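>>> Whatever this is, show me its structure:
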Amino acid sequence: MKLFLDSAITDEIKHSLEYWDLDGLTTNPKHVKNSGKPFLKVIEEIAELFAGTEKPVSVEVDPHITDWEQIVEQGLLLSKMSPNFVIKVGASEDGFKAIRELTKRGIRTNATLIFSVAQAWHAARAGASFISPFIGWKETYGDSTATFILEVAEMLERHEYDSEIIAAAIRNGRQMADAALAGAHCVTAGLTVYQESMQNPYTVHGEKVFQSAWDATPKS
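Model (predicted):
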């Protein structure tokens, strides 16, 4: 399963590329806002960080745009900024139409805000390169996600669609593990989620035990 960072903060991205050999990046308007930089400036900086690699970077079109032709127009402009850019489009009738048109033109897309298998199917059928089922948001509002990724994965495999699943809105290591076991091709999460998933209280306890043993062992 590929590890994507969900962020538009360049320092976080640099850290993740250096320490984790990050496989890709996802951004959204909220992350861009949190970067404190203008949209075009921050995505230009991100493009530079991934230049010379084949790692995908999902960049979202203006979410106010609801007409498929305008989505395609902006998607084409964004795609020209970097060969790494994957155009992120929200799930809707016009969104799926835009994905279909962008795919015809050789532009990779990421269907975002996916909350059902039916939406995932529409995205796959339209030719989306990536499909982003949101886990954390569903759980926040009381929906079960126990089989969500599994069902999307089964649908893609059964009907031989090429779309890859990006398990999105991941809030903790358990959700990350569940996504991996269910068949997600990628997971995307924030910096702290990954850092917390690398830790465990038992590991800290074990280190202290071994440190004490090391200190108590004669050195010669």
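>>> So which residue is dead centre in the protein?
By CA atoms, centre = their mean, the chain has its centre lying nearest to T188, at 3.5 Å.
>>> who touches the lowest-mean-pLDDT helix or strand in the chain?
Least confident element among the helices and strands of the chain, by mean pLDDT, DSSP states H and E: helix 136-140 (a mean of 90). Residues outside helix 136-140 that contact it (CB atoms under 8 Å, 6 or more residues apart in numbering): F115, S144, T145, F148, A169, I170, R171, Q175. In short, each C-beta sits where N, CA and C put it, glycine included.
>>> related to what we said a few turns ago, roughly how far apart are the residue nearest to the residue nearest to the centre of the chain when sequence neighbours are not counted and D23?
Distances taken as CB to CB, 6 or more residues apart in numbering put F4 closest to T188, at 3.9 Å, once the chain neighbours are dropped. F4 sits 6 Å away from D23, going by CB to CB, to the nearest Å.
>>> so what sits against both of the two?
By CB under 8 Å, 6+ apart, the residues touching both F4 and D23 are C186.
>>> quick one: the residue nearest to T188 from G190, how far?
11 Å.
>>> Neighbour count for those two, which is higher?
F4 (26 against 17; other CB atoms under 10 Å).
>>> give the contact list for the more buried one.
F4 neighbours (CB under 8 Å, 6+ apart): L22, D23, G24, L25, T26, P56, S58, I166, C186, V187, T188.
>>> Stretch 187-206: which residues count as buried?
V187, T188, A189, G190, L191, V193, Y194, S197 (16 or more other CB atoms under 10 Å).
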